[in-house]
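Trainee: Predicted model and sequence below, questions to follow.
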Amino acid sequence: MGIKIKLAAAAVSILVISGCSNNKQADEEMDHSQMNEEMEEMDHSTMGDMMEGHMSHDEVMMLNDSTGANELKIPSMLVSDNDQGVEYTVRAQKGKTEIFDGIETETYGYNGSFLGPMLRFEQGDKVKIKTINELDDPTTFHWHGLEVAAAVDGGPHDALQPGEEKVIEFEVTQEAATLWFHPHPEGKTSEQVYNGLAGLIYIEDENSKSLGLPNVYGENDFPLIFQDKLFDDKKQLNFSAAKNDDGTIGDTLLINGTLNPKLTVNKEKVRLRLLNGSNARNYTFKLNTGDPFVQIATDGGFLNEPVTLNEVTLTPSERAEIVVDFSQLDTEKDLALINEDGSVLLPFEISDQGGTVTRIPGVMNDFSLTEEEMDLPVTKKIELFGMMDMVTINGKKFDPERIDFTQQQGVTEVWEIYNKPDMMGGMTHPFHIHGAQFKIISRNGEAPPENERGWKDSISVAPDETVKIAIQFKHKGVYMFHCHILEHEDNGMMGQVKVE
Ligand code: C2O
Ligand code: CU
Ligand code: CU
């Protein structure tokens with residue numbers, strides 16, 4: 001831990017003057033003395049360090065435009081070890097990957113040198129996974145969004161030492177969704193994910209197979225894992241050099257590990273399963289032409305109805321499935337998926353083939369938030385606060401020995417999550433809970449937007465925003481809840497709920 005510092009009034013005004021672009025003009029109204037008191041209690045290495053790092057987070061480095069030089073890589077689908085059932089072997093490995101032509105970058109991956117395969121489950125499957133740690137450091141295997149017992153959830157208590165292996169078993173009870181898996185070792189999650197440990201999980205069910213949506217993997221149904229990296233001059237990831245305590249941000253986008261990706265599609269409806277797998281960057285996805293698309297699924301399942309949008313924002317760990325209808329777009333024009341600021345994320349190349357006829361049904365699910373759930377009293381309060389390594393939940397940092405909350409298995413409770421602004425205005429924290437999918441009741445007292453009226457396991461919480469969610473755990477054990485800016489998680493912005 002760093003040296004304790006006390007923020008003097010003078011230092012506070014320097015921070016305010018040096019100005020962050022997102023400070024929401026709230027500075028004057030903020031109670032600086034209260035801020036000082038709280039920040040006094042926290043550790044930090046140096047003042048200069050904090051200012052520099054935090055400012056670079058606010059004035060977020062733009063991404064380089066994708067040149068479209070390389071066809072998008074599609075993660076392979078993992079094959080079961082046993083043709084009688086679903087048995088997978090997942091190895092965390094280190095390796096070398098040719099991300100840039102002719103250059104080897106040292107990376108991590110699952111069953112390969114970079115990223116991982118896609119694990120496909122069907123609702124009702126009894127799954128067995130042999131997890132093996134072939135890294136030189138402890139790691140865990142966390143199934144983000146999966147409703148399983150805490151004993152197999154792969155949180156920080158379940159570290160496998162180098163060379164160790166462990167078989168886990170669970171039954172898939174939840175509905176069709178796009179989930180993912182990544183490591184979760186205490187204090188090391190950001191580095192291991194940054195180096196390449198992340199993979200996809202698809203759950204399919206009777207509903208998803210009968211809706212008629214595009215579902216041919218790699219043909220009209222594509223996963224897109226968005227991750228930004230900062231390569232050093234030797235084109236290495238060099239996490240310790242790139243690291244920012246407020247979340248590591250890079251200028252180079254990789255989609256599914258592909259540098260300068262392009263995607264070739266037919267003139268048909270194309271389903272894109274977007275996953276923000278970045279350590280910290282938020283994305284607002286839109287088409288360069290301004291044309292609309294539809295969102296069909298949230299983190300944990302289908303929306304009841306398709307929602308037409310011009311853009312969709314995802315904070316780290318959130319997913320959205322969207323369908324772009326290339327048969328309806330002007331394919332004479334250059335088409336691309338772009339970010340809010342205009343940077344080109346994924347250019348599309350349109351083949352002259354017509355492709356398959358698929359549909360987007362008007363009704364896709366029966367998700368509901370009942371009056372009863374909406375009327376439940378708030379029984380758990382979460383206050384997110386701070387920045388850099390001074391991040392806390394309810395004023396505390398993670399302690400693996402401390403249980404912050406308890407909740408009964410199978411009982412729905414309402415959690416209220418508040419993001420308390422700081423003297424610089426604060427920043428959005430993506431809040432995630434393990435082992436359950438939840439429902440958003442409200443954002444600042446208002447019903448959530450239509451594209452958030454579905455199952456969620458992560459939610460963006462803007463500065464000074466209060467969100468209410470209804471959550472029920474189907475299994476028992478100790479689960480993590482935390483900010484999914486991975487450096488915030490590693491810096492202790494995490495707590496534990498024990499489900500009994
Ligand atoms: Cu994506 Cu605690 O996890
Ligand atoms: Cu998780
Ligand atoms: Cu955070």
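Mentor: Everything's here; your move. Ligands and ions are numbered 1, 2, ... in the order given.
Trainee: I'd like the mean pLDDT over stretch 193-207, please.
Mentor: Stretch 193-207 carries an average pLDDT of 98.
Trainee: got it, and stretch 416-434?
Mentor: Averaged across stretch 416-434, pLDDT comes to 96.
Trainee: so who does whatever residue of the stretch 201-350 of the chain ends up closest to ligand 3 touch?
Mentor: As assessed by CB to the ion, ligand 3 sits closest to residue 247 within the stretch 201-350 of the chain, at 7.3 Å. (Glycine included, C-beta is placed from N, CA and C.) Residues near residue 247 by CB atoms under 8 Å, 6 or more residues apart in numbering: 57, 279, 280, 281, 316, 485, 486, 487, 488.
Trainee: now residue 238, nearest residue through space, not along the chain?
Mentor: Among residues not flanking residue 238 along the chain, residue 232 sits closest, at 4.5 Å (CB to CB, 6 or more residues apart in numbering).
Trainee: which SSE is the one you found in?
Mentor: Using DSSP states H and E, residue 232 is not contained in any helix or strand.
Trainee: elements contacting the helix or strand harbouring residue 440?
Mentor: If you go by DSSP H and E, residue 440 is part of strand 438-443. Helices and strands touching strand 438-443, by 3 or more CB pairs under 8 Å, 6 or more residues apart in numbering; DSSP states H and E, are helix 371-375, strand 466-471.
Trainee: circling back to that earlier point, pull the number of nearby residues for the residue nearest to residue 238.
Mentor: 11 (other CB atoms under 10 Å).
Trainee: pretty sure it contacts residue 241?
Mentor: Yes - with contacts counted by CB atoms under 8 Å, residue 232 reaches residue 241, the gap being 6.0 Å.
Trainee: Look up phi and psi at the residue nearest in space to the middle of the chain.
Mentor: Nearest to the geometric centre of the chain sits residue 317, at 0.6 Å (CA atoms, centre = their mean). Dihedral angles of residue 317 (phi, psi; degrees, to the nearest 10) stand at phi 90, psi -10.
Trainee: which residues touch the spatially closest residue to it that is not a sequence neighbour?
Mentor: Leaving aside its chain neighbours, residue 317 sits nearest to residue 484 (4.1 Å; criterion: CB to CB, 6+ apart). Applying CB under 8 Å, 6+ apart to residue 484 gives the contacts 315, 316, 317, 430, 431, 432, 458.
Trainee: tell me the two of those residues that are most distant?
Mentor: Maximum pairwise distance among the contacts of residue 484 (CB to CB): 10.7 Å, between 316 and 431.
Trainee: what do those two both touch?
Mentor: Joint contacts of residue 316 and residue 431 (CB under 8 Å, 6+ apart) are 458, 484.
Trainee: quick one: the closest residue to residue 313 other than its chain neighbours from residue 75, how far?
Mentor: Excluding its sequence neighbours, the residue lying closest to residue 313 (CB to CB, 6+ apart) is residue 284, at 4.4 Å. According to CB to CB, to the nearest Å, residue 284 and residue 75 sit 24 Å apart.
Trainee: Between these two, tell me which one has more neighbours.
Mentor: Neighbour totals were compared for residue 284 and residue 75, and residue 75 leads with 21 against 12 (other CB under 10 Å).
Trainee: Tell me which stretches of the stretch 51-200 of the chain form strands.
Mentor: 70-71, 86-97, 105-110, 118-122, 126-133, 142-144, 165-171, 177-182, 199-204 (DSSP state E, counting those that start in this stretch).
Trainee: Which one, of these, ends up nearest to ligand 2?
Mentor: Using CB to the ion, the nearest of those to ligand 2 is strand 142-144, at 3.7 Å.
Trainee: Run through who's touching the closest one.
Mentor: 152-155, 179-184, 201, 317, 432, 434, 457.
Trainee: give me that answer again for 7 Å
Mentor: Residues outside strand 142-144 that contact it (CB atoms under 7 Å, 6 or more residues apart in numbering): 153, 154, 155, 179, 180, 181, 182, 183, 184, 201, 317, 457.
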